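Trainee: could you look at this predicted model? Sequence included:
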Amino acid sequence: MKKKSNFRGHAPKGFQHPATKLSGVTSLFDQGLALHQAGRLADAEKIYYQVLEIQPDHFDSLHLLGVILYQRGNHAQAVRQIDVALKKRPNSSVALNSRGVALKELKRLEEALASFDRALTLQPNYAEAHSNRGVTLYELKRFNEALSSYDYALKLRPDYAEALSNRGNALKELRRFEEALSSYNRALALRPDYAEALSNRGATLKELKRLEEALASYDRALTVRPDYAEALSNRGATLHELARFEEALASFDHALTVRPNYAEALSNRGIALRQLKRFEEALASYDRALALRPEYVEALSNRGWILHELKRFEEALASYDRALTLRPDYADAHHNEALCRLLTGDFNRGWEKHEWRWETGAAGNQKRNFAQLQWLGSNEITGKTILLHAEQGLGDTIQFCRYVPLVAERAARVILEVQKPLYELMSTLPDKPQIVSRGDPLPDFDIHCPLLSLPLAFRTRLETVPSQMPYLRASAQAAMNWNARLGPRTRPRIGLAWSGSPMHKNDHNRSIGLSALLPLLDFDATYVSLQRDVLASDAAVLHERSDLLHFGDELKTFSDTAALVSNFDLIISVDTSVAHLAGALAKPVWILLPFVPDWRWLLDRDDGPWYPTARLFRQDDSRQWDNVITRVHAALHDFVLGLSITLNAPMR
């Protein structure tokens, strides 16, 4: 989601020219210059040509005809015209600056830089050339050098609003967001209606997760310039972050009304449409963006993800491949390809590609910068101390801690660092690794491996998934305590989990409102909520249902939840950590999955290799939960009936 980097081109305002031999020429030129400064380009152009009929080598007219061509967007012609002027006066720093501006627009960046450098050799204190040089360095991604150029321009002219705004752009790219914000604010103190600075300030506030302030900054920019397409698109990106997807889409559509061929807005629009589950429209939006910019790698990668959502996996892989042909180190495309391959069961290439997760910059994929080497299975670790450390969510840790005993077979000592709520539960793992809570000091170790890299280290394939169950256990005493609280076991006990963390990027697809599960409470069973935290909308439903027990804050850690779960005959859960916990405890668990599930659940099967006691209930292509609940209801009828007969059978 792109922002505009504003660029200061040469304008004739305040233009100074030397005295000419013919006073009539001077007077005529002054008329043209006044018209040019008033924005009447066609009238100014006519007069410059009249001057040249009288004096063919009139440098200022030759130069400013080039400026007019630049202002009309004829950048290649502008360079040729300014070169004609420079033949008359090779040492004109002003013309060299104008030439650099036009070359920059043609993306001939090294030539533009050379032109600015020549101008500054002739006139070292030329603030505008320093600033324009900075913008060219910015385009070359030489951000520190760009910053130095802006700082020099501001040393010469402290009230140079454009340089302050562009300086903010460089600081933003260097991730010095607070300094960038200060630079934009200084620019806006000089020019409160500076639309570019307001828009770029909004982009920086978005990076700082100050989303409402970002939105306000974009709105100010659009008050100044209602047709500012970049601000509209960036505003849409901020609304997307706020999960206001319909408003985001409207903002992107407005940007495209202003600029129909705005590829970035088309790509961003696709992202919003995906969140609204309008996948075919999203695909069309990406295709339009790529028709305009065939080498737009971000759009190619995002297009691949839409094809993934449509279960058109071969086409998705082809889209990722095109992106990676253009940019071989594009981490998002590699990672998206990994998820596609894992979902379709291609563990061979999937695990290798999954290592690109560290390069994506996603919040859940922050690589640990240990001095010790990472182990990926190729080297011998006998006699070494290895640190295995959790990453991503609690469910991931529960799922992949199954590898700890396998690592212990190869190493002298295993240290397992996990999230604090899992600390006590992980002490029940076989081989008794040393458990450390994340954030506590780490003991000495020789080598390390993130938990989700262990399948790669062990070269896991579908047929070799470690499935020795259970690999986690509940405290016997805690389980007995919960059993007493639940009362006599005269009917089936069923645990329910209907939502995960709202912070999960896919939570809107995997979670279900409690009201949708109420038909499952039709049977003669003891129903227990396994939700620790409950949304306000669900709390109101829960309050009305005395037939659904809820213990809430009493489930302080996963050890508490495990003890409660160990007393159930069945757990019914959406794709969240409770489902993983039930599977790891080898309890019967029915998992409710969206149409396109997370990669670990694979496709088109009602079981999976990770948890032998799991049964999978998937959405059909309607992508609605109604059909899933209907099928679970039918299965639950048979389950409760059969178990009730067993529980109430007379003792023999």
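Mentor: Great, that's in hand. What you see is a predicted model; the values in this text were computed from it and never measured. Residues are numbered from 1 along each chain as shown.
Trainee: can I get the helix or strand hosting residue 47 in CSV? Just the C-alpha atoms.
Mentor: Element membership for residue 47, per DSSP states H and E: helix 41-54. Extracted in CSV, the C-alpha atoms of helix 41-54 (Å, rounded to 0.1, in the frame of the first residue of the first chain):
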residue,chain,number,x,y,z
LEU,A,41,1.8,27.5,-20.5
ALA,A,42,0.5,27.8,-24.0
ASP,A,43,0.7,31.6,-24.1
ALA,A,44,4.2,31.6,-22.5
GLU,A,45,5.4,29.0,-25.0
LYS,A,46,4.3,31.2,-27.9
ILE,A,47,6.2,34.2,-26.6
TYR,A,48,9.4,32.1,-25.9
TYR,A,49,9.3,31.0,-29.6
GLN,A,50,8.8,34.7,-30.6
VAL,A,51,11.9,35.5,-28.6
LEU,A,52,13.8,32.8,-30.4
GLU,A,53,12.8,34.1,-33.8
ILE,A,54,14.5,37.3,-32.8
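Trainee: any idea which helix or strand comes after it?
Mentor: Next along from helix 41-54, by DSSP H and E: helix 59-71.
Trainee: I'd like the average pLDDT over the following helix or strand past that next one.
Mentor: Following helix 59-71 in sequence order, the next helix or strand is helix 75-88 (DSSP H and E). Across helix 75-88, pLDDT averages out at 95.
Trainee: cool, and stretch 637-647?
Mentor: Mean predicted confidence for stretch 637-647 is 86.
Trainee: can you pull out the low-pLDDT segments for the chain?
Mentor: 1-23, 362-365, 502-504, 649-652 (pLDDT under 70).
Trainee: and the strands in it, which stretches?
Mentor: Taking DSSP state E as the criterion, the chain carries its strands at 373-374, 385-389, 413-418, 434-437, 447-450, 493-497, 526-529, 548-550, 570-574, 589-593, 614-618.
Trainee: quick check: residue 402 touching residue 471?
Mentor: Yes - using CB atoms under 8 Å, residue 402 makes contact with residue 471 at a distance of 5.0 Å. Using the backbone N, CA and C atoms, a C-beta is placed for each residue, glycine as well.
Trainee: residue 237 and residue 247, how far apart?
Mentor: Using CB to CB, to the nearest Å, residue 237 is found at 12 Å from residue 247.
Trainee: between those two, which one's more packed in?
Mentor: Set residue 237 next to residue 247 and count neighbours by other CB atoms under 10 Å: residue 237 wins out with 25 against 17.
Trainee: thinking again about what came up before, between residue 402 and residue 471, point out the one with more neighbours.
Mentor: The residue with more neighbours, out of residue 402 and residue 471, is residue 402; 24 against 20, by other CB under 10 Å.
Trainee: in the stretch 351-500 of the chain, mark out all the helices, start to finish.
Mentor: In the stretch 351-500 of the chain, the segments counted as helices under DSSP state H, counting those that start in this stretch are 394-400, 404-408, 423-426, 454-457, 476-486.
Trainee: buried residues, the longest one. List them.
Mentor: For helix 476-486, burial by neighbour count (16 or more other CB atoms under 10 Å) applies to 478-479, 482-483.
Trainee: and if you look at stretch 35-49?
Mentor: 35-36, 44-45, 47-48.
Trainee: let's have those residues in JSON lines, adding distance to residue 607.
Mentor: Shown next, in JSON lines, are the buried residues of stretch 35-49 (distance: CB to CB, whole Å):
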{"residue": "35", "distance to residue 607": "79"}
{"residue": "36", "distance to residue 607": "76"}
{"residue": "44", "distance to residue 607": "77"}
{"residue": "45", "distance to residue 607": "76"}
{"residue": "47", "distance to residue 607": "82"}
{"residue": "48", "distance to residue 607": "79"}
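Trainee: residue contacts, residue 275?
Mentor: Applying CB atoms under 8 Å, 6 or more residues apart in numbering, one finds that residue 275 lies in contact with 240, 243, 245, 508.
Trainee: so who does the nearest residue to the first one once chain neighbours are set aside touch?
Mentor: Closest residue in space to residue 240, ignoring its immediate chain neighbours: residue 248 at 4.2 Å, by CB to CB, 6 or more residues apart in numbering. With CB under 8 Å, 6+ apart as the criterion, the residues that contact residue 248 are 236-237, 239-240, 268, 272.
Trainee: pull the most distant pair out of the residues you listed.
Mentor: Maximum pairwise distance among these (CB to CB): 10.4 Å, between 239 and 268.
Trainee: and residue 346, how far is that from residue 477?
Mentor: 45 Å.
Trainee: cool, residue 209 as well?
Mentor: Noted for residue 209: a distance of 44 Å to residue 477, by CB to CB.
Trainee: what do you get for residue 188?
Mentor: With CB to CB as the criterion, residue 188 and residue 477 are 64 Å apart.
Trainee: what angle sits between the lengthiest helix in the chain and strand 614-618?
Mentor: In the chain, taking DSSP state H as the definition, the longest helix is helix 626-647. Calculated by axes from the mean of the first three to the mean of the last three CA atoms, to 10 degrees, helix 626-647 forms an angle of 150 degrees with strand 614-618.
Trainee: mind starting the numbering at 8 from now?
Mentor: With 8 as the first residue, the last one maps to helix 633-654.
Trainee: elements contacting helix 633-654?
Mentor: Applying 3 or more CB pairs under 8 Å, 6 or more residues apart in numbering; DSSP states H and E, we find helix 633-654 packed against helix 521-524, strand 577-581, strand 596-600, strand 621-625.
Trainee: repeat the analysis, applying 10 Å as the threshold.
Mentor: In terms of contacts (3 or more CB pairs under 10 Å, 6 or more residues apart in numbering; DSSP states H and E), helix 633-654 is packed against strand 500-504, helix 521-524, strand 577-581, strand 596-600, strand 621-625.
Trainee: next one: that helix to chain centre, how far?
Mentor: Per CA atoms, centre = their mean, to the nearest Å, the displacement of helix 633-654 from the mean C-alpha position of its chain is 40 Å.
Trainee: let's see it as CSV, backbone CA atoms only.
Mentor: In CSV, the C-alpha atoms belonging to helix 633-654 read as follows (Å, rounded to 0.1, in the frame of the first residue of the first chain):
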residue,chain,number,x,y,z
ASP,A,633,-24.9,-23.4,8.8
ASN,A,634,-24.1,-26.6,6.9
VAL,A,635,-21.2,-27.4,9.2
ILE,A,636,-23.4,-27.1,12.3
THR,A,637,-26.1,-29.3,10.6
ARG,A,638,-23.6,-32.1,10.0
VAL,A,639,-22.1,-31.8,13.5
HIS,A,640,-25.7,-31.9,14.9
ALA,A,641,-26.4,-35.1,13.1
ALA,A,642,-23.1,-36.7,14.2
LEU,A,643,-23.6,-35.5,17.8
HIS,A,644,-27.0,-37.1,17.9
ASP,A,645,-25.4,-40.5,17.2
PHE,A,646,-22.5,-39.8,19.6
VAL,A,647,-24.6,-38.8,22.5
LEU,A,648,-27.1,-41.7,22.0
GLY,A,649,-24.4,-44.3,21.9
LEU,A,650,-22.4,-42.9,24.9
SER,A,651,-25.6,-42.4,27.0
ILE,A,652,-26.4,-46.1,26.5
THR,A,653,-22.9,-47.0,27.7
LEU,A,654,-23.0,-44.6,30.7
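Trainee: what's that helix in contact with?
Mentor: 495-501, 519, 523-532, 576-577, 579, 581, 595, 597, 599-602, 613, 622, 624-629, 632 (CB atoms under 10 Å, 6 or more residues apart in numbering).
Trainee: how about residue 214: what's its closest non-neighbour residue?
Mentor: Residue 214's closest residue in space is residue 184 (CB to CB, 6+ apart), at 5.3 Å.
Trainee: and if you look at residue 517?
Mentor: residue 582 (4.6 Å).
Trainee: distance of that neighbour from residue 284?
Mentor: Residue 582 is 17 Å from residue 284, by CB to CB.
Trainee: out of these two, which sits in the busier spot?
Mentor: residue 582 (25 against 14).
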